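[1] I would like to see how this sequence folds:
(4 chains)
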Number of protein chains: 4
Amino acid sequence: MTTHAGIVGFRGYSGMELQRILSAHPRTSPWLLEHRADSSAAPQPIGHAGPPRIPCTPEAVADAGIAVVFLATPPEVSMELAPQLLKGGVRVVDLSGAFRLRTAERYKHWYKEEHTQPELLAQAVYGLPEFNREAIRGARLLSNPGCYPTAASLAIRPLVQAGVIQRSAGVVCDAKSGVSGAGRKPSLKTSFCEVTENFSAYSILDHRHVPEVLLNTGLDESEFSFTAQLIPIDRGILETIYFRAAGPDSSAALLDVYQKAYAGEPFVRLYPAGAVPDLHAVARTNFCDIGVKLDPKSGRAVVVACIDNLVKGAAGQAVQNMNLMFGFGETEGLL
Amino acid sequence: MTTHAGIVGFRGYSGMELQRILSAHPRTSPWLLEHRADSSAAPQPIGHAGPPRIPCTPEAVADAGIAVVFLATPPEVSMELAPQLLKGGVRVVDLSGAFRLRTAERYKHWYKEEHTQPELLAQAVYGLPEFNREAIRGARLLSNPGCYPTAASLAIRPLVQAGVIQRSAGVVCDAKSGVSGAGRKPSLKTSFCEVTENFSAYSILDHRHVPEVLLNTGLDESEFSFTAQLIPIDRGILETIYFRAAGPDSSAALLDVYQKAYAGEPFVRLYPAGAVPDLHAVARTNFCDIGVKLDPKSGRAVVVACIDNLVKGAAGQAVQNMNLMFGFGETEGLL
Amino acid sequence: MTTHAGIVGFRGYSGMELQRILSAHPRTSPWLLEHRADSSAAPQPIGHAGPPRIPCTPEAVADAGIAVVFLATPPEVSMELAPQLLKGGVRVVDLSGAFRLRTAERYKHWYKEEHTQPELLAQAVYGLPEFNREAIRGARLLSNPGCYPTAASLAIRPLVQAGVIQRSAGVVCDAKSGVSGAGRKPSLKTSFCEVTENFSAYSILDHRHVPEVLLNTGLDESEFSFTAQLIPIDRGILETIYFRAAGPDSSAALLDVYQKAYAGEPFVRLYPAGAVPDLHAVARTNFCDIGVKLDPKSGRAVVVACIDNLVKGAAGQAVQNMNLMFGFGETEGLL
Amino acid sequence: MTTHAGIVGFRGYSGMELQRILSAHPRTSPWLLEHRADSSAAPQPIGHAGPPRIPCTPEAVADAGIAVVFLATPPEVSMELAPQLLKGGVRVVDLSGAFRLRTAERYKHWYKEEHTQPELLAQAVYGLPEFNREAIRGARLLSNPGCYPTAASLAIRPLVQAGVIQRSAGVVCDAKSGVSGAGRKPSLKTSFCEVTENFSAYSILDHRHVPEVLLNTGLDESEFSFTAQLIPIDRGILETIYFRAAGPDSSAALLDVYQKAYAGEPFVRLYPAGAVPDLHAVARTNFCDIGVKLDPKSGRAVVVACIDNLVKGAAGQAVQNMNLMFGFGETEGLL
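    As a prediction, this is how the structure comes out:
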């Protein structure tokens, strides 16, 4: 018997990735929940219809026996739909930023609009399994992390917790993302001719993913410099992180911090001291790959962290969270 | 009457760019100097032969009345050819790293091989016009800067000279380059399928361009963290530079440092406070574009510098240097 | 003294290319004519403002002393603006499809809307200089050819005129274009993630550029199979043309047809028998490059024609036409 | 119990794809067979070693209990290894062109070298399951089809067999492939900067895949015009096929020919009349997608066929063949 899983926003890149993963998952069968009419469909092969499609109403969701709904939607749509679905007894995995920042004040500061469901913030569980696996198991409203914060937090938190960063010198996170991170809605900034043979920085020092990293790592905003940048590729995030080491005096010693932090983790992979991953290593996988290099003389340290923004940075992590919430094996459907 | 200019290495990407620029330059006519046989030529249209091609021998160069030779060659070839050409009375613009580091010891340390022409190092003039225009005018052996150091030095030196960097916190330069920077020789690392839909870091903390930046800016190696990265594009370098500001308390105040440093410079362009350039802004131009952003509360500062690695980072700057060496207008053939 | 040239649609890709070419042209200075407000401007470097910008009104155009206006606009905008401008004594080069098809019926059939200025169709001169140079010199309303038809017509017309095609077997034109050919308006079809790592066919057998090729070559619609396809690149059109030869029995004999047709043409380049051009050969140039291959045993023949869709396929050809209309050298500003 | 499957050439693109598919296949476990030393390995994550690696010797293959070996090697290596492996009782799936053309004469004509194992040609079974499924089940030496011929043959054979082509007018196959089709060995032609923003034709009318299409479809060489072209993408083949229809008078009638030919086929998908697939539809799948368009008035017809050159065009089809040879479900590991 399979668990019925609904997807709202199934035409977006995260929603399409959810379809792909949930269709191959041994425990689930996906349903597409139509929230708004859209005529953008590409031609489909005859006889390959894809998952069933129903309206995204409480009744239709109940009739279909859906137990969990993934919201691959903008924050304002997530805030609209989450309460209805929860009321109907359905568990919700929200991939938007609506429930990540814990307080309505913080949300308003970074997202520049009012939070319309502040009372749900308290029950939302932040879903980075490597950090809070137990809480996730009991979640009814799961807030799936942002793509940049997933890689940045996995790379930085062990360093902060081990106390190996000279915090007065600050931490730099130079982040680069493929274009699918910007969503599927057409815009000039993501048009082919604007992106190809280009590379550009945006949201310098004020990206809305910054507070999420601070909450996850314990860094203060004044200690953390973050720049987002667009790579002319479809998918992948690579973050190059710079700091001054306090303690570790070799790449191997720095690597050891990560090996202790992530022993047994199925989706964090580490590289031999001095070697770093690239985006091909993680494409279409749920892995976060991390490599380190440290100059013993000066303590200058560099960490490179890579994920697929649509998998570990969105749909894959959402399914990892669902696996925990429903008592499935954590890696089912993800290897 | 035009100045005859020879190009060695005319089949490489810098050499092809030199052909393009020198063919359109009002004061020069290019000659292709064949150093080693090569059968890789693509088919050419009938009747469009391109510049004349002669052997790269002192006699042939003299017979053709060539006054300046551009060496778009590996360092070991430049060290072999430069003395012969100089002996023949020809001026030399070398685009390799052979003569950039001033001492044979430094060359050996970073290039991992002996310098075979140490006596030429003293007479080589480093060709970053914005920093040492006068010395360039008198050069007979001109050492053209590296691509990464051109952007990094133009972005960092004004900050060091104005004393606006908290040096104890260090300076981070996260550098990204198009693939043409790796040259035209086939290799797995620059094969299409390895590069497309990928992004990768290399030479972390030990790139051979680092000492050039240190010499140009006055930073110490322990203060400077540099990572080179490959963007899946043909051409362009974007460097994101991070530091803690000492003094300037706004983007505008930081911009002012650059406006003072580069007033009247024809090939440095600055952006309004808080705005930054992208690679399309500089593609196929000799400009170095710079933009800044500073957080007043914390002093965290970010500078973005862009060049076309084949123009301001190689062939264009080489022609800018030639213009100075021969008394032409500095911007001739470059706007 | 320079000729003042206005550009409507200067933010589109053809309009941007017109800016680039006209700014460097020795006989013209460009003016940007603002037809509709638009806030999409990217940040510009300080002190590099670009050409002057004025409203696109008859008064402003007259005040600025503008002698020619380029309409890089959709057909309906061209039909709106052309009569006003002509009335004001300005010559017009229209890059849209509004005036290419000679009759209002044909326009309605292929563009699916009424022609609003049928009386202007008679005076519009079709601007493919290689075919009707003399008429172009006297044009007041010049209709610049479409991008696909430029390459296809230059490749096919000499064959038809020389009678070397077995017409009963038909002519196939398999056409591929870079994405800039679709314009700069954001759409899902031209979004980066939809285009990268993809290749797709569209408008199979019913592309609106087909009638233009038929008019130029004398082929009948039933003889001509045309498919347009999108290459994941910025610019360039390559057309692979297939037919059965009647007469020529070698690649050289087929090449000879082109050599006779295009002797002395400055912007058509031919390749040695059996060799064909690629898109890098024509990028950012006004050339149309053509190569041929013929199998002597069977008469199967293939012609490959390449242009840059924004230059010979749009802005460059428009300037070539202006050069003829104003008595300038035909290649001025284009080599 | 799983079947042990060896891969020679596991570092190439087809070999890497075989690793990926066989690792996830429920019936097999892959072994890497080292034929020649190679030091090009990228850094691997700690503890993720991949499949076991052994020398490609008859003894090592026997010791490992390997039942089938995939040769993802050049033809000359396949001709060297196949006899040894067959002698050892191992079944062989060869992905090279060594055994595709049935006779040593034909091989010599198209591959320009002697066939060294002509006696094996008779027992080699050509592995296009949609055409000769039964013969494949009994194969000991399976010759896996070429990438271009797979798509072309699946698209053209039903038309020839149904007699719906006017053969005197010929059939045109304009083929486009991603760069991985050229293999992983570095070369100038597949270097990133040569390929990006480019599109080029090669092997016009004389590609070595032509005879395979002729054998599969029954067309004569004089009836078939084939051009191969390089798309700047990693993977995917799209073929645009043109002919004059004899019989069918609508897209639907033409589609019907395919529906009859491929009823029940698990890996051929058809599109609604007039709609065609693109490369995203088949990426990383074993499907061949086909769409048609026909002009009723003139009988001009266009068929678009798409595959992933590394899956249905190489590794996927090889596994489909293995499934048949070993009595597994034909789609196992491939959906």
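[2] any low-confidence regions in chain A?
    Scanning chain A for pLDDT under 70 picks out A:37-41.
[3] And residue A:42, which helix or strand is it part of?
    Counting by DSSP states H and E, there is no helix or strand that carries residue A:42.
[4] In contact with the nearest residue to residue A:170 once chain neighbours are set aside, which residues are there?
    Excluding the flanking residues, the one nearest residue A:170 by C-beta to C-beta, 6 or more residues apart in numbering or on different chains is residue A:223, at 5.2 Å. Quick note: C-beta positions are derived from backbone N, CA and C, even for glycine. Residues in contact with residue A:223 (C-beta atoms under 8 Å, 6 or more residues apart in numbering or on different chains) are A:167, A:170-171.
[5] Spell out which residues of the stretch 101-250 of chain A are next to chain D.
    A:196-197 (C-beta under 8 Å from any C-beta of the partner chain).
[6] is it fair to say residue A:293 lies in a strand?
    Yes. Counting by DSSP: H, G, I helix; E, B strand; the rest coil, one finds residue A:293 located in a strand.
[7] circling back to that earlier point, where's the residue nearest to residue A:170 relative to residue A:210, distance?
    Noted for residue A:223: a distance of 11 Å to residue A:210, by C-beta to C-beta, to the nearest Å.
[8] for residue A:129, same thing?
    Counting by C-beta to C-beta, the gap from residue A:129 to residue A:210 is 22 Å.
[9] Which one's more surrounded, these two?
    Between residue A:129 and residue A:210, counted using other C-beta atoms under 10 Å in any protein chain shown, residue A:210 has the larger neighbour count: 23 against 20.
[10] Chain neighbours aside, what residue packs nearest to that one?
    Nearest to residue A:210 is residue A:226, by C-beta to C-beta, 6+ apart, at 5.3 Å.
[11] Touching, that neighbour and residue A:205? I think so.
    Yes. Between residue A:226 and residue A:205 there is a contact under C-beta atoms under 8 Å: 6.8 Å.
[12] more crowded one of those two?
    More crowded of residue A:226 and residue A:205, by other C-beta under 10 Å: residue A:226, with 27 against 20.
[13] residues touching the more buried one, list them.
    A:148, A:152, A:172-173, A:175, A:205, A:207, A:209-210, A:213.
[14] mind redoing it with 7 Å?
    A:173, A:175, A:205, A:207, A:210 (C-beta atoms under 7 Å, 6 or more residues apart in numbering or on different chains).
[15] quick one: which two of those are the most distant?
    Greatest spatial distance among those (C-beta to C-beta): A:175 and A:205, at 12.1 Å.
[16] Hmm, residue A:311 is touching residue A:286, no?
    Yes. Because the distance of 5.0 Å satisfies C-beta atoms under 7 Å, residue A:311 is recorded as touching residue A:286.
[17] more neighbours, the two?
    residue A:311 (29 against 22).
[18] Which strand or helix spans the closest residue to residue A:241 other than its chain neighbours?
    Nearest residue to residue A:241, sequence neighbours excluded (C-beta to C-beta, 6+ apart): residue A:303, at 4.3 Å. Per DSSP H and E: residue A:303 is located in strand A:300-307.
[19] now do residue A:259
    Using DSSP H and E, residue A:259 maps to helix A:251-261.
[20] ok, the residue nearest to residue A:241 - contacts?
    A:155, A:241, A:290, A:292.
[21] Counting neighbours, which of these comes out on top?
    residue A:292 (31 neighbours).
[22] Please report how far that one lies from residue A:248.
    9 Å.
[23] which residues are common contacts for these two?
    Counting by C-beta under 7 Å, 6+ apart, the residues touching both residue A:292 and residue A:248 are residue A:254.
[24] can you give me the strands for the stretch 201-335 of chain A?
    For the stretch 201-335 of chain A, the strands defined by DSSP state E, counting those that start in this stretch occupy A:224-230, A:237-244, A:268-270, A:288-294, A:300-307.
[25] and the shortest one, what does it pack onto?
    So that's strand A:268-270. helix A:251-261, strand A:288-294 (3 or more C-beta pairs under 7 Å, 6 or more residues apart in numbering or on different chains; DSSP states H and E).
[26] Show me which residues of the stretch 151-300 of chain A sit near chain C.
    A:179-180, A:186-188, A:190-193, A:195-197, A:234 (C-beta under 7 Å from any C-beta of the partner chain).
[27] so what's residue A:235 up against?
    Neighbouring residues of residue A:235 by C-beta under 7 Å, 6+ apart: A:178, A:180, A:283, A:308-310.
[28] Also near chain B: which of those residues, exactly?
    residue A:283.
[29] my guess is residue A:58 contacts residue A:83, does it?
    No. Between residue A:58 and residue A:83 there is no contact under C-beta under 7 Å: 10.5 Å.
[30] any idea how chain A splits into domains?
    Following automatic domain parsing, one finds the domains of chain A at A:3-145+A:313-325, A:147-309.
[31] Could I get the full set of strands for the stretch 51-200 of chain A?
    If DSSP E, counting those that start in this stretch is used as the criterion, the strands of the stretch 51-200 of chain A fall at A:53-55, A:66-71, A:91-94, A:124-126, A:141-143, A:171-177, A:200-202.
[32] what residues does the stretch 101-250 of chain A put near chain B?
    So the stretch 101-250 of chain A meets chain B at A:169-170, A:172, A:174, A:176, A:197-201, A:204-205, A:222, A:225, A:227, A:231-234, A:236, A:238, A:240, A:242, A:244 (C-beta under 7 Å from any C-beta).
[33] Separate out the buried members of these.
    Among those, those classed as buried by 16 or more other C-beta atoms under 10 Å in any protein chain shown are A:169-170, A:172, A:174, A:176, A:197-201, A:204-205, A:225, A:227, A:231-234, A:236, A:238, A:240, A:242, A:244.
[34] Identify the residue of the stretch 101-250 of chain A closest to chain D, quick one.
    residue A:197 (6.6 Å; C-beta to the nearest C-beta).
[35] Name the nearest residue to that residue, sequence neighbours excluded.
    Closest residue to residue A:197 apart from its sequence neighbours, by C-beta to C-beta, 6+ apart: residue B:233 at 4.7 Å.
[36] just residue A:58 next, same as before
    residue A:88 (4.5 Å).
[37] What number of residues are in the vicinity of that neighbour?
    The local packing of residue A:88 (other C-beta under 10 Å) involves 14 other residues.
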